[in-house]
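Chemist: give me a 3D structure for the following:
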Amino acid sequence: MRAIHFILLFTMGIGNFSFAQSPNMVFSHLSVNDGLSQNSVTTILQDSQGFLWFGTHDGLNKYDGTGFKTYRNERNNPNSISNNYIWDLYEDANGFLWIATFGGGLNSLNLQTSVIERFIHQPNDPNSFPSNRIFSIYEGTHNILWIGANEGLIQFNKKTKQSKLLLSSTSPEGILQDNYTGIVTADGNGNLWLRTDSGLTHFNTQTFKATYFTQSPFSKTHALGDIYDIKWHNNKLLVVCDAGLLELDITNKTDRFLLLASDISLENTAVSFQKIYPINTYQYYIGTHSGLLFFDAEKNVHFLYQNSKEDEKSLVHNHVLSLSQSKDGVVWIGTRNGIDKIESSEPDFIHFRNFSLPNALNVKNINSFVETKNGLLWIGSTSGLNLYDKNKDAFVDISAIRNQMTSDYILHISKDRKENIWIGTRNGGFYRIDPQLNIKKIAPENKETSKARVHFITEDAKGFLWIGTGGEGLWRYDPNTNQTKIYPVSKDGSGPSHPYIFAILEDRFQNLWLGTPTGGLNLFNREKEKFIYFQNQPDNPNSLANDLVLSLTEDSNNQLWIGTTGGLSKLTMPLQPNMFSKLNGLQKQEYDSLFVNFGRPEGFPNEVIYGILEDRQQNLWMSTNQGLVQFDTKTETVLHIYEADHGLQSNEFNQNGYHKGYSGLMYFGGINGFNIFNPENIKGNTFVPEVRITGLSILNRPVLVGQSENKKEFVLDKEPYFKESITLSWQQKVVSFHFAATSYVSPQKNSFQYKMEGFDQDWVNAANANQTTYTNLDPGTYRFRVKAANNSGVWNDVGTAIIVHVNPPPWRSWYAYVAYLLLFLATIYAFIKYRVNKATQALLRKAEIERVRIEERETFRKRSSQDFHDEAGNKITRISLVTALAKQEAAKDEKLKNYLHKIEENVQELNTGMRDFIWALDPGKDTLFETLHRFEDFASGFCEDAQVNFQSEGIDEPLKSFPLNMNYRRHLLLMLKEVTHNSIKHAQPKNIHLIVVHHKEETIITLSDDGKGFDEGTLKRQNGLNNIKERAIHLDANLEISSEKNKGTSVCIKLKNYPRR
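Modeler: Numbering: from 1, shown residues only. This next block holds a predicted model:
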C-alpha cells in the first residue's frame, strides 16, 4: 500500500506542479471483449504498414485501430498458422512477418498476399526444420534468420529455406548444458547475444564460437542469475536479469547496473524484471510480475504502476509479458489480462482521481476550487473539503476542519484579498477559514444562516461579500460588522429576478452581474439598489441564449461572457463604468440586439456551459457535459474539443468546478475527480497518420485475399492497401471500402474524408466512420481517395487511393460496341446498296428507254438520210440534167442563159446543202473525227475552186473516240465552213492551214490563213464574226481570234473533252 500511495502522489505532480514531467499515466485497455483472441499477450509488433500485431496463447491478432483480425490454425488449411501459441514476431526487410510458435515451428506470413508458409519439424525427417518450439527471431545479414529454439540456436536461410541447428548438444558446436535458447539479439558488430539456460551467451557469427557468462562479461562481481530479456540500445547491451537491469559497454568493456531489482520493494513481494523497452536515450519501461516500471536513468527515478481495482484507468494486470511502442508514440503493454496502452507519457491533462487512501481525494464529484498564494489548493466536493499542498506534493489531513462543518456538500469556495477561504455549503450555511487554517461558521447578527444554501461567494472592491443563495435571493455580507443585507426576489427591479443566484461577477469597472436559474442575467446598481433583467426572448436570436445562467466571466478585452444551459452568450456592449445607466437608457431596438450566442451550430459539442476561463492567448476554456471547449475570442470559433479520451476526468463537468491559479494553471472538476493543465502546454497529437484501405466488400460480402475454393468468388491477390487498382464486373453493383488511420491515440476519434473521383463532386466528410459503400457505379474508371486526421485534427491530406475499373455488361462492352458499329455500317451499306441498286435499275431502265429512243432516232435518221438521198438526189440530178439541156438549147439567148446559169448555181448550192444535211442525219458520222474529215473534204474542194492551197494535220484515229451529237456536229461544221468562206472571200489568202491538237482535257482546232488580215479595231467591228461567236457559245468552246494586217488571221477553237451525246 505504501508503494501505491507514493505513486499516487507522484501522479499528482512533482516539484511545484511541473506536470509536464509527471508520469501521470492513464492506461487504456483492449481485451477479448474488444475482439482480441486471448488475453495473454506474449509479443507485440508494428509492421511497416503501420498495423499492430499481437501474439497470444490462442492466435495471432492484427489491429488497425478499429478492430482485430485473428489468424488461427485451421484444420486441413495449409494457409493457416501451424500453431495458435505465438511467442515472438519479426518483420524482415522483404515484408514477411516471421512467426515463432510454441509447438508449430516457424511460420512466415507474406504481408502483401497473406500467404502463409510453414517450417515444421518432422521427427522422421532429418532434413526438416530442427524445432517446433520457437522463442525468438532475429534477422542478420545475407538472408539469414537467427532463431532461438528449445533445441538450440537455428541458422535459417530465407532464400534457400535451409536450416542448421547450432549450439545444441547434438550439433558439432554443441557445448551447452541445455539446448534451450530463448532470446536472440545482436550487437553493433553483428555478433549475437543469447539467453540460454547456461546464462548469457555470446555467439560470434563469423567463427561460430560461443562464450557463456554466469556473471557480467566485464566484472566478476556482478552475478546475473537468470536472463529474461536482452536489447541492443544506444550502442550498449541491456540485460534484464535476476539482479536487475545491467548495461554492458561492448566497446569499452565496462558494465554497470542501471537499476537493481532490490531497489524496488513491495510489501512481502520481490519484484522480478521480465521485459525491457527503451523509449528514448535514458528512459525505459520495464515489465515485471508486479506491474509496469518506469525508469529514468538520467534522473535515477523510477515508478511502479500497478493495477488498482478502484481505478479503471490503472494497469489492467500486474504481470507484464511484452512491451512495444508504435510510431505515434503510444506504448503498448501486453499482460495476462489483455493489452494496455499509454497514449502519452507526458499527458496534456493531469487527472486527480479518488482513491481509498488516507488523506487522498476522498470523493469523485468535485464542485469547486481555490488556490492560495502559499501553494494550497482547496477542493470542494459533494463529500467534504480536501486540501492539497503542492509544495509538499501531498494531500493535507484536514479532518479537524471537516469535523467542525455541519454540511459536507460543498457548493462553492472563494478567497478574499486577505487569503481567507470562504466556503458555501448546500444546507449548512457558509464558513471562513483563515490562513492559519482556523475555521469559523459565519452567523450574521441579523440573519439565521445555519441551514442556508450558499451557491456562490465573491468579494467586491470594497471588501463586501456577495452571496448567492438557494431560495433567499442575494445577500451582501460585511465581514467587519457581521451584518447581512438581503435582496429578495422582485419583479419591479428592486431585487433579483430569481430567488436562486448561481453566479456573481464584479467586473473591473465595479459593475455587479448575477446569474440565475430561469431568471436570466441581472445587472445590479448598488447605489440605487436597482436591477436590470436580461432574459431569453424565444423570437429574438440576439437575446440571452437561455435564462438558466451557470457562469460569468470577463475577458481581457472587456467583454462579458455568459455560460447558460442553452449555450454561450456574449454581451455585445463592451464593459465600462456605469453600465447600468448606459444599458437602462437603450432604445428597444438596441436592447433587443445585446447578445451574440454560440452553441451546437457553431461547433460546440454541448450547450451546457458550466465554467468559463480565459488563457493568456485570449482563448476561452469552457467545461460542458461533453468535454472542454477551447474557443478563440478573436475569430469567435471553436479551436478544439477535448474529451475523456484526451485525459479528462470525464466528459461531464460540474457547476462551479472551475478555477484559474496564479501561474495560469486551470482547474476543472467533474464527476470523476478533476483536471489540472497549463493551456500553453497543450500539445495535442501531432502525429500525421498514414491512411490504409484495409478491406473491400462486394455485394456486402467481405473480399478475401489469396485464394478461394469458389472459383467464381471475387478475391484479391494481395491486401487492398498494396493494390493500385481493382476491376469489378458489371454485376458487382455494390462495393464497400473499409479504411483506417495508423494513429492509435484515441483511434475512435480519427476522422476521415473520402471521394470517388469520377462520381463524387466534392469530398465526403465521414467523421469517425471508417467505411463507405457505393452502389450502381456506371461502367468506367474511377479513383477512390481517402484522407484521415488523428484525434487532434491533424490531417494527412495526401491520403491513399485505389483505381476502380468497372467493366460494362456484355452489351455495353467495347467489342459489343464494335459489333454494333459493324452492324450499323452493314445496315447502312445494305441500305445504300439497296438504294443504289434501285437507282441503278431506274437508271438502267431509263438508259434502256433512252437507248431504244436513240436507236429509233438513229434508225429514223439513217432511213431518212437514205430516203432523202435517194429521192432528193435523184430530183436534183434530174433538175441539173434538164438545166444542162436547156442551156444547150438556149445557147444563143444570153439572158435566158444567165437565168439558167443562176439556176444551175443554186442547184449546186442546194446539192451541197442537201449533202450536208444528209450527212448530219447519218448517226454513223457522230464523232469529232467524222466532222473534221467532212470539213476537210469541203475545204479541199472549196479552196481548190478558189485556187487556195489547203492543208490539214492532226485528224487522227483518237478523235474517233470523241463523240458528238447531231446538233454539235452541225454547229462545228458550219462554224469551220463560215471561217473558211470568210477567209477566202475577204482575206484573199494563198494558203489555209487546219491544225488539230488533242489533249486529255481539251481539243484545240486552229484554222489559219496567210491573207491580208485586219487590224484589231477593224476585227472588233466585223459583223460576220457574230455568227462564229454565237456558234462557239453553243459549242461551250473557247474562241480566240487573232489577226494582224498583211500577216493573216488565226481562229482557235478550244473544245472541252466530255461526251456530247
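Chemist: switch to C-alpha atoms for all contacts and neighbour counts from now on
Modeler: OK.
Chemist: could you pull out the strands for the stretch 851-1000 of the chain?
Modeler: Applying DSSP state E, counting those that start in this stretch to the stretch 851-1000 of the chain gives strands spanning 949-953, 991-998.
Chemist: single out the most deeply packed of the ones you listed.
Modeler: strand 991-998 (a mean of 18; mean count of other CA atoms under 10 Å).
Chemist: what mean pLDDT does it have?
Modeler: Over the span of strand 991-998, the pLDDT mean works out to 93.
Chemist: quick one: the helices in the stretch 501-650 of the chain?
Modeler: Along the stretch 501-650 of the chain, the segments classed as helices by DSSP state H, counting those that start in this stretch run 579-584, 588-591.
Chemist: same list (these) but as JSON lines, adding mean neighbour count, mean pLDDT and distance to residue 230.
Modeler: As requested, these are exported to JSON lines (neighbours: other CA atoms under 10 Å; pLDDT from 0 to 100; distance: least, CA to CA, whole Å):
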{"stretch": "helix 579-584", "mean neighbour count": "14", "mean pLDDT": "94", "distance to residue 230": "72"}
{"stretch": "helix 588-591", "mean neighbour count": "10", "mean pLDDT": "88", "distance to residue 230": "74"}
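Chemist: just put the ones you listed in JSON lines and tack on distance to residue 930.
Modeler: Formatted as JSON lines, the helices of the stretch 501-650 of the chain follow (distance: least, CA to CA, whole Å):
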{"stretch": "helix 579-584", "distance to residue 930": "125"}
{"stretch": "helix 588-591", "distance to residue 930": "115"}
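Chemist: what's the distance between residue 253 and residue 244?
Modeler: 19 Å (CA to CA, to the nearest Å).
Chemist: neighbour-wise, which of the two wins?
Modeler: residue 244 (24 against 10; other CA atoms under 10 Å).
Chemist: burial count for residue 894?
Modeler: 11.
Chemist: ok, for the most centrally placed residue in the chain, nearest residue in space, not its chain neighbours?
Modeler: Central residue of the chain (CA atoms, centre = their mean): residue 786, 3.3 Å from the mean position. Leaving out its chain neighbours, the residue that sits closest to residue 786 by CA to CA, 6 or more residues apart in numbering is residue 754, at 4.3 Å.
Chemist: give me the beta-bridge partners of the one you found?
Modeler: residue 764, residue 786 (DSSP bridges).
Chemist: that one: what's it in contact with?
Modeler: By CA atoms under 8 Å, 6 or more residues apart in numbering, residue 754 lies in contact with 763-766, 784-787.
Chemist: mind redoing it with 7 Å?
Modeler: By CA atoms under 7 Å, 6 or more residues apart in numbering, the contact set of residue 754 is 763-765, 785-787.
Chemist: looking at this, residue 211 is in a strand?
Modeler: Yes. Assessed with DSSP: H, G, I helix; E, B strand; the rest coil, residue 211 lies in a strand.
Chemist: which of the helices of the stretch 501-650 of the chain sits closest to residue 181?
Modeler: Among these, helix 579-584 comes nearest to residue 181, with 82.2 Å by CA to CA.
Chemist: count the neighbours of residue 586 for me.
Modeler: By other CA under 10 Å, neighbour count at residue 586 equals 12.
Chemist: going forward, the N-terminal residue is numbered 148.
Modeler: Taking 148 as the first residue, the last one we looked at is residue 733.
Chemist: for it, phi and psi?
Modeler: phi -70, psi 150 (degrees, to the nearest 10).
Chemist: please tell me how far the residue nearest to residue 933 sits from residue 914.
Modeler: 10 Å.
Chemist: then residue 418?
Modeler: 46 Å.
Chemist: kindly report the same for residue 1081.
Modeler: Residue 1081 is 104 Å from residue 914, by CA to CA.
Chemist: got it, and residue 335?
Modeler: Residue 335 is 46 Å from residue 914, by CA to CA.
Chemist: same check on residue 978?
Modeler: 60 Å.
Chemist: and the strands in the stretch 598-747 of the chain?
Modeler: 601-606, 612-616, 621-625, 630-634, 650-653, 659-662, 668-672, 677-681, 696-701, 707-711, 714-718, 742-745.
Chemist: make CSV out of those and add mean neighbour count and distance to residue 953.
Modeler: CSV is the format used below for these (neighbours: other CA atoms under 10 Å; distance: least, CA to CA, whole Å):
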stretch, mean neighbour count, distance to residue 953
strand 601-606, 25, 67
strand 612-616, 24, 70
strand 621-625, 20, 73
strand 630-634, 16, 77
strand 650-653, 24, 64
strand 659-662, 24, 63
strand 668-672, 24, 63
strand 677-681, 20, 63
strand 696-701, 26, 58
strand 707-711, 26, 54
strand 714-718, 23, 49
strand 742-745, 20, 47
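Chemist: using JSON lines, lay out those strands together with distance to residue 246 and mean pLDDT.
Modeler: Output for the strands of the stretch 598-747 of the chain, formatted as JSON lines (distance: least, CA to CA, whole Å; pLDDT from 0 to 100):
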{"stretch": "strand 601-606", "distance to residue 246": "63", "mean pLDDT": "98"}
{"stretch": "strand 612-616", "distance to residue 246": "68", "mean pLDDT": "98"}
{"stretch": "strand 621-625", "distance to residue 246": "73", "mean pLDDT": "97"}
{"stretch": "strand 630-634", "distance to residue 246": "77", "mean pLDDT": "95"}
{"stretch": "strand 650-653", "distance to residue 246": "63", "mean pLDDT": "98"}
{"stretch": "strand 659-662", "distance to residue 246": "65", "mean pLDDT": "99"}
{"stretch": "strand 668-672", "distance to residue 246": "67", "mean pLDDT": "98"}
{"stretch": "strand 677-681", "distance to residue 246": "70", "mean pLDDT": "97"}
{"stretch": "strand 696-701", "distance to residue 246": "58", "mean pLDDT": "98"}
{"stretch": "strand 707-711", "distance to residue 246": "57", "mean pLDDT": "99"}
{"stretch": "strand 714-718", "distance to residue 246": "55", "mean pLDDT": "98"}
{"stretch": "strand 742-745", "distance to residue 246": "55", "mean pLDDT": "98"}
